[in-house]
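In: Requesting a structural model of the entry that follows:
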Amino acid sequence: MNSTAPARALAASMAGAAAAGIVAGEVLSAGWPLPITEWLFGAACMLLPAVGWLIAVRRPDNVYGWLLLASAVCLGLGGLGVGLLVRNDAGEGFIPVLGALLASLYTIFYGLTWVFVPLLFPDGHLPSRGWRAGVWIAAASITAHCLGVLLAPDEVWAGAFPDGGGNPLGLGGMAGLLAAFVAGTGQLVTFLVGLSVLVSLIRRWWRSTSTERSRLRWMVAGSGVTLGGFVLTLFLAGESETARWAGVIVAMATLPAVIVVAVFRHNLLDLRVGIRGSKFFLVFDLRPTVDELLTELGPGLEEAEPVEQLGRLAGAVRAGLETRWAAVALADGTRVVAGREEGVAVLTVPAGLGHIACGPRTAGRFTAEDRRLLDALAVPIGLAIQNAGLVTRLVNAQEAERRRIERNIHDGAQQQLVALIAGLELARATGGGADSLALLREQARQTLNDLRELAAGIHPSVLSQGGLVEAVEERCSRLPVATTVAADPDLRARRFPDQVEGALYFTVSEAIANALKHAAASRIEVRLTQSAGRLQAVVLDDGRGFDLDATGRRGLGALADRMTALGGGLDVSGGPGEGTRVRAWVPTLG
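Out: Have a look, this model is predicted:
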């Protein structure tokens, strides 16, 4: 089950039914006011639905809480059934039949607490596959015990429920004897399986580490005392009423009590008890769920920078799993650590393009619930890692573009200006004539043209004034090879955001430059289209092509990052001798 309102409602309903059955059964059986023994018995019985409800509500995916609640329901309804039988001891009508049906659930309660509650402790899973056969044997014996008691004659019924009068559903003759035999055999086999579970717990305790021993010893003690209390009740009940009540109360209270101690003292199910504020205010201090962590972190994550987001998420992992340290690692090796990183990671899970690494827990070892919590947190952390990586790539792309412009200025216009200055100095020194001035004027004009070209490479004025189609046509009009531009008619009159037009224009320019410099193309074609919510630019050339896997995308990586940042994409296709096709697109409205 998931941690949802229906799961919590079901847990509350089961716990409430168990508690109501326990109280109603006691009042019907003993009357009001209750004697002290009934008060003690009721208090002992209330432990089971309480701890079952707490575990089921906080960890609904762990079947152990639901197992405890099922046991509590059988206990509560069984007590209610005995109370109905005591109040209607005449044995006639519907009420005694209902009472007998409910009272027989006591046998299921005993079977669950003798076998399944200690066997599946603490995570609801079998300790080994070898117990599968034992589970089937236990289920069969519990069923036989329940049906046998339900149909047993009054003599056997009185032994099982001494205060409940006769059995309105009991069989007579040989059928009754058979039912009694089935009931006794089922009870004996169930008890023997319970003893086998106790022996298994002792063996696990003996072979486990010191930390595991401290956890298992509580269940070993609880299972042993529960079985011993049954024996005490069975063999000493006729000799001493005090011994009978002592055995019953011990049998009812011990197992849920040791579960409470083991769970909270050793934090087995991520539940612990603490004191907050006043020393008289005792509350359950529970590890937050994924939803609670993300709800608390949400406002801060929206306002934080990518690296800061990773730091907060690493802190959430550390707090949620109670680890000494937690780290979020990116694909490039960058690590954001919460806490003091010491030693190797104990638990690591992938998260998008990186991973999450956790150091040891402050107490205990990692459980299946820890792994599920970390897997759930890996989703938002993976998105944050992807966001941080994209930002890093965009920053690197901007730096690479700045260096390209710097290189073009240094190698082009700067050298021409130096030559022009030197020519002017020479003309002044020698008194140059008209021919020298004409030459210098031509050099100045060429430098001006180069500066204009450089400015166009940064953000051409024709793009700002005329739009994408006009800018691409102007760029292609001065190429030394045959170039055609095909555009949808509606695009010429349409304008798009500056970042969209700039991204597509620079992609077309870069693709054309690659075709001229590297592919030796003799023909270039540019297509501009808009359809299905996409603005698309395609550049095709008939050059010699290249091996994409061997040479990469010829400087288009930074432009691809820009497309990705706008929600679009870029792909390159072609091969040696096949020409090249570059396609870039961004989403648009309309």
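
In: from here on, contacts and neighbour counts on C-alpha atoms
Out: Fine.

In: which stretches of the stretch 301-450 of the chain form strands?
Out: Counting by DSSP state E, counting those that start in this stretch, the stretch 301-450 of the chain has strands at residues 325-329, 335-339, 347-351, 354-358.

In: residues making contact with the third one?
Out: Contacts with strand 347-351, where a contact means Cα atoms under 8 Å, 6 or more residues apart in numbering, come from 355-359, 374-375, 378-379, 381-382, 385.

In: Quick check: buried residues in it?
Out: 347-348, 350-351 (16 or more other Cα atoms under 10 Å).

In: need those in a markdown table with pLDDT and distance to residue 263, can you?
Out: Below are those laid out as a markdown table (pLDDT from 0 to 100; distance: Cα to Cα, whole Å):
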| residue | pLDDT | distance to residue 263 |
| --- | --- | --- |
| 347 | 82 | 22 |
| 348 | 84 | 25 |
| 350 | 83 | 30 |
| 351 | 79 | 30 |
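
In: can you tell me which two in those are farthest apart?
Out: 347 and 351 (12.9 Å; Cα to Cα).

In: picking that back up, buried members of the contacts of strand 347-351 into ChimeraX, please.
Out: Applied in ChimeraX, the following selects the buried portion of those according to 16+ other Cα under 10 Å:
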select :355,356,357,358,359,374,375,378,381,382,385
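
In: could the contacts of strand 347-351 go into a markdown table alongside pLDDT?
Out: Below are the contacts of strand 347-351 laid out as a markdown table (pLDDT from 0 to 100):
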| residue | pLDDT |
| --- | --- |
| 355 | 84 |
| 356 | 85 |
| 357 | 87 |
| 358 | 88 |
| 359 | 87 |
| 374 | 79 |
| 375 | 79 |
| 378 | 76 |
| 379 | 74 |
| 381 | 73 |
| 382 | 70 |
| 385 | 68 |
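
In: for the contacts of strand 347-351, which one is nearest residue 508?
Out: Nearest to residue 508 out of the contacts of strand 347-351 is residue 385 (Cα to Cα; 30.4 Å).

In: Residues touching stretch 137-148, excluding its own?
Out: With Cα under 8 Å, 6+ apart as the test, stretch 137-148 has contacts from 104-105, 107-108, 111, 115, 179-187, 189-190, 193.

In: again with stretch 503-523
Out: Outside of stretch 503-523, the residues within contact range by Cα under 8 Å, 6+ apart are 457, 468, 471-472, 475, 481-483, 524, 526, 536-539, 541-546, 554-556, 559, 562-563, 579, 582, 584-585.

In: From the residues you listed, list just the buried residues.
Out: 468, 471-472, 475, 483, 524, 526, 536-539, 541-546, 556, 559, 562-563, 579, 582, 584-585.

In: Let's see which of the residues you listed end up in helices.
Out: Mapping these onto helices (DSSP state H) picks out 468, 471-472, 475, 559, 562-563.

In: Looking at those residues, which is nearest residue 135?
Out: The closest of those, once distances to residue 135 are taken by Cα to Cα, is residue 563, at 59.5 Å.

In: How about the nearest residue to the closest one once chain neighbours are set aside: which residues does it bridge to?
Out: Using Cα to Cα, 6 or more residues apart in numbering and skipping the chain neighbours, the partner closest in space to residue 563 is residue 569 (5.1 Å). Legend: beta-bridge partners of residue 569 under DSSP bridges are residue 585.

In: if I pick residue 569, what's in contact with it?
Out: 560, 563, 584-586.

In: Please produce TSV containing the residues you listed, extended by distance to residue 128.
Out: Listed next are the contacts of residue 569 as TSV, based on distance: Cα to Cα, whole Å:
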residue	distance to residue 128
560	53
563	54
584	57
585	56
586	56
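
In: Farthest-apart pair in those residues, please.
Out: Checking those with Cα to Cα, the most distant pair is 560 and 586, at 10.8 Å.

In: sorry, back to before: which of the strands of the stretch 301-450 of the chain sits closest to residue 220?
Out: Nearest of these (Cα to Cα): strand 347-351, 29.6 Å.

In: partners of the closest one, with directions?
Out: strand 354-358 (antiparallel).

In: Just want the angle from the partner strand to strand 325-329.
Out: The directions of strand 354-358 and strand 325-329 differ by 170 degrees, with axes from the mean of the first three to the mean of the last three Cα atoms, to 10 degrees as the criterion.

In: Quick one: residues in contact with strand 354-358.
Out: Contacts for strand 354-358 (Cα under 8 Å, 6+ apart): 318, 323-331, 345-350, 378, 382, 385.

In: hmm, 10 Å instead?
Out: 314, 317-318, 321-338, 341, 344-350, 374-375, 377-378, 381-382, 385-386, 389 (Cα atoms under 10 Å, 6 or more residues apart in numbering).

In: Show the residue spans covered by the strands in this protein.
Out: According to DSSP state E, the chain carries its strands in the segments 271-275, 282-286, 325-329, 335-339, 347-351, 354-358, 482-487, 523-531, 534-541, 569-574, 580-587.

In: Quick one: closest of those strands to residue 19.
Out: strand 282-286 (20.4 Å).

In: so for the closest one, what's the average pLDDT?
Out: Taken as a whole, strand 282-286 has a mean pLDDT of 43.

In: Next, format the contacts of strand 347-351 as a markdown table and append distance to residue 78.
Out: Output for the contacts of strand 347-351, formatted as a markdown table (distance: Cα to Cα, whole Å):
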| residue | distance to residue 78 |
| --- | --- |
| 355 | 52 |
| 356 | 49 |
| 357 | 49 |
| 358 | 47 |
| 359 | 48 |
| 374 | 41 |
| 375 | 41 |
| 378 | 46 |
| 379 | 46 |
| 381 | 49 |
| 382 | 51 |
| 385 | 55 |
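
In: Spatially central residue in the protein, please.
Out: Geometric centre of the chain, nearest residue: residue 376, 1.0 Å, by Cα atoms, centre = their mean.

In: measure that residue to residue 120 for me?
Out: Distance, residue 376 to residue 120, using Cα to Cα, to the nearest Å: 25 Å.

In: Ok, residue 574 next?
Out: As judged by Cα to Cα, residue 574 and residue 120 stand 61 Å apart.

In: Which residue is the nearest non-sequential neighbour of residue 538?
Out: Nearest non-adjacent residue to residue 538, counting by Cα to Cα, 6+ apart: residue 583, 4.5 Å away.

In: With distance to residue 224 added, can I get the strands of the stretch 301-450 of the chain in CSV?
Out: Converted to CSV, the strands of the stretch 301-450 of the chain look like this (distance: least, Cα to Cα, whole Å):
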stretch, distance to residue 224
strand 325-329, 39
strand 335-339, 43
strand 347-351, 35
strand 354-358, 38
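
In: so which of the ones you listed comes closest to residue 61?
Out: Using Cα to Cα, the strands of the stretch 301-450 of the chain put strand 347-351 closest to residue 61, at 20.3 Å.

In: Hmm, residue 427 is touching residue 438, no?
Out: No: assessed by Cα atoms under 10 Å, residue 427 is found out of contact with residue 438, at 11.2 Å.
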